[in-house]
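*Asks:* curious how this folds, go ahead:
(one chain, ligands or ions: 1)
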Amino acid sequence: MSTLRRHLHPLSCTDRPVDMASRRPLRDLSGLPILAAFADNWENAKCFQAREGDLMINTYPKSGTTWISEIVELILHNGDTKKTQRGAIYERVPFLEFAVPDLPTGTEILNAMESPRVIKSHLPVQITPESFWEKNCKVIYVARNPKDVLVSYYHFHRMAVVHPDPGTFDEFIQNFMKGNISYGPWGDHVKGWWKLAKQRDILYLFYEDMLEDPKREIKKVMKYLGKNLPEDVLEDIKQRTSFKAMKENQMANYSTIPSNVMDQSISPFMRKGTCGDWKSHLTVAQNELFDEYYKKEMSDTDLTFRF
Ligand code: PPS
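*Replies:* Predicted coordinates for the structure are as follows:
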């Protein structure tokens, strides 16, 4: 690993003793529950200075952030994998509000990065730093149906100790429906960005559409980014961003993160990559309760999801 990479993201350095202050309870950020370590650094994230030409990828957690990031990276580099293999996805697309003790924060990494930058964030609309709007930055938002988000987020809590202990799956469902998880209520997040996408030039995508017809969605991203790539390059990008390819790609599958931070033997980061895995997790009773929750959440919007 180069000195630069070690400097930029010591998480890649597997011999590092990591004191992640793990399993801390969530903290409240103006009404939004968030990881305690992220809240500790909030003042820096809030004041983040976006630059002209920055692109933000925003999602509620577990909705396809890594997938769309890899697609964007490949499109911006005209499908050249030598360029996209230059670092792990969390180095190429730094995580704005990321902060854990003793590691460089997302903002520190981003401030040291040359433009144009592709920036990952899970922040809801209302607390996204103003500078993104002042600088007219492009935003790609990806939404995923909440049952699959729920299941994916549960397994992610089990393997990534920066989260609080998820408890049993049933307890986690209750917390999810109450919005008592990091980044708060799923419904507010997807609806907030949906509303804004009607007012601003934001590309709002759905995970299920990406699964259904990846090429069609890749083309939408390409157009949004003002690129025009030939059909064979698009086909190659589709192959390289398939679940199977990304699961095997060390620069996309988070395998370079030490196991005391993300324990992929508990649950891999690239876990299933499907629509409908919730069917093998939720009982009939849990599903009925969740359907009620979903109906209520969606009663004031024209936004709909496929399950
Ligand atoms: S994070 O931690 O919030 O940034 O996670 P995120 O990347 O948003 O979401 C992880 C889920 O996305 C799945 N994934 C994919 N699905 C299909 N195709 C591709 N290429 C792909 N890459 C990642 C990943 O497997 C997680 O979903 P689950 O349901 O847990 O498998």
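*Asks:* nearest residue to Q239 other than its sequence neighbours?
*Replies:* Taking CB to CB, 6 or more residues apart in numbering as the measure, Q239 lies nearest to A245, with 6.2 Å between them; neighbours along the chain are not counted. In this view, the C-beta of every residue, glycine as well, is placed from N, C-alpha and C.
*Asks:* correct me, but the one you found touches D236?
*Replies:* No - the pair A245 / D236 is not scored as a contact, 10.4 Å apart, by CB atoms under 8 Å.
*Asks:* is the helix or strand encompassing D188 anywhere near the ligand?
*Replies:* Of the helices and strands defined by DSSP states H and E, D188 is found in helix 186-199. No - legend: contact between helix 186-199 and the ligand by CB under 6 Å from any ligand atom is lacking; minimum distance shown is 11.8 Å.
*Asks:* report the buried residues of that helix.
*Replies:* Within helix 186-199, the residues scored as buried using 16 or more other CB atoms under 10 Å are 186-194, 196-197.
*Asks:* in TSV: those residues, plus pLDDT and distance to R24.
*Replies:* As requested, the buried residues of helix 186-199 are exported to TSV (pLDDT from 0 to 100; distance: CB to CB, whole Å):
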residue	pLDDT	distance to R24
W186	98	22
G187	98	25
D188	98	23
H189	98	22
V190	98	26
K191	98	29
G192	98	26
W193	98	27
W194	98	31
L196	98	31
A197	98	33
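*Asks:* which one among those residues gets closest to G31?
*Replies:* Set against G31, the nearest of the buried residues of helix 186-199 by CB to CB is D188 (10.1 Å).
*Asks:* excluding chain neighbours, give the residue nearest to the closest one in space.
*Replies:* When the adjacent residues along the chain are set aside, D188 lies closest to P124, with 6.3 Å between them (CB to CB, 6+ apart).
*Asks:* distance of the one you found from D170?
*Replies:* Distance, P124 to D170, using CB to CB, to the nearest Å: 26 Å.
*Asks:* so these two - more neighbours on which side?
*Replies:* Counting neighbours by other CB atoms under 10 Å for P124 and for D170 shows that P124 has the greater number, 19 against 13.
*Asks:* contacts only, for that one.
*Replies:* Contact analysis of P124 by CB atoms under 8 Å, 6 or more residues apart in numbering lists 32, 183-184, 188-189, 192-193.
*Asks:* what does the stretch 151-300 of the chain have sitting close to the ligand?
*Replies:* For the stretch 151-300 of the chain, the residues found near the ligand under the criterion CB under 6 Å from any ligand atom are 152, 155-156, 241-243, 246, 270-273, 277.
*Asks:* again, 8 Å this time
*Replies:* 151-153, 155-156, 160, 207, 210-211, 241-243, 245-247, 252, 267-274, 277 (CB under 8 Å from any ligand atom).
*Asks:* show me the strands in the stretch 101-250 of the chain, by range?
*Replies:* Applying DSSP state E, counting those that start in this stretch to the stretch 101-250 of the chain gives strands spanning 118-121, 138-143, 202-206.
*Asks:* quick one: list the elements packing against the second one.
*Replies:* Read that as strand 138-143. strand 55-59, helix 65-76, helix 186-199, strand 202-206, helix 207-212, helix 214-224 (3 or more CB pairs under 8 Å, 6 or more residues apart in numbering; DSSP states H and E).
*Asks:* got the angle for it vs helix 214-224?
*Replies:* Counting by axes from the mean of the first three to the mean of the last three CA atoms, to 10 degrees, strand 138-143 points 150 degrees away from the direction of helix 214-224.
*Asks:* ok and strand 138-143 relative to helix 186-199, angle-wise?
*Replies:* 140 degrees.
*Asks:* residues near N78, how many?
*Replies:* The tally of other residues near N78 (other CB under 10 Å) stands at 12.
*Asks:* center of this structure, which residue is that?
*Replies:* For the chain, the residue lying nearest the average C-alpha position, counting by CA atoms, centre = their mean, turns out to be T65 (3.5 Å).
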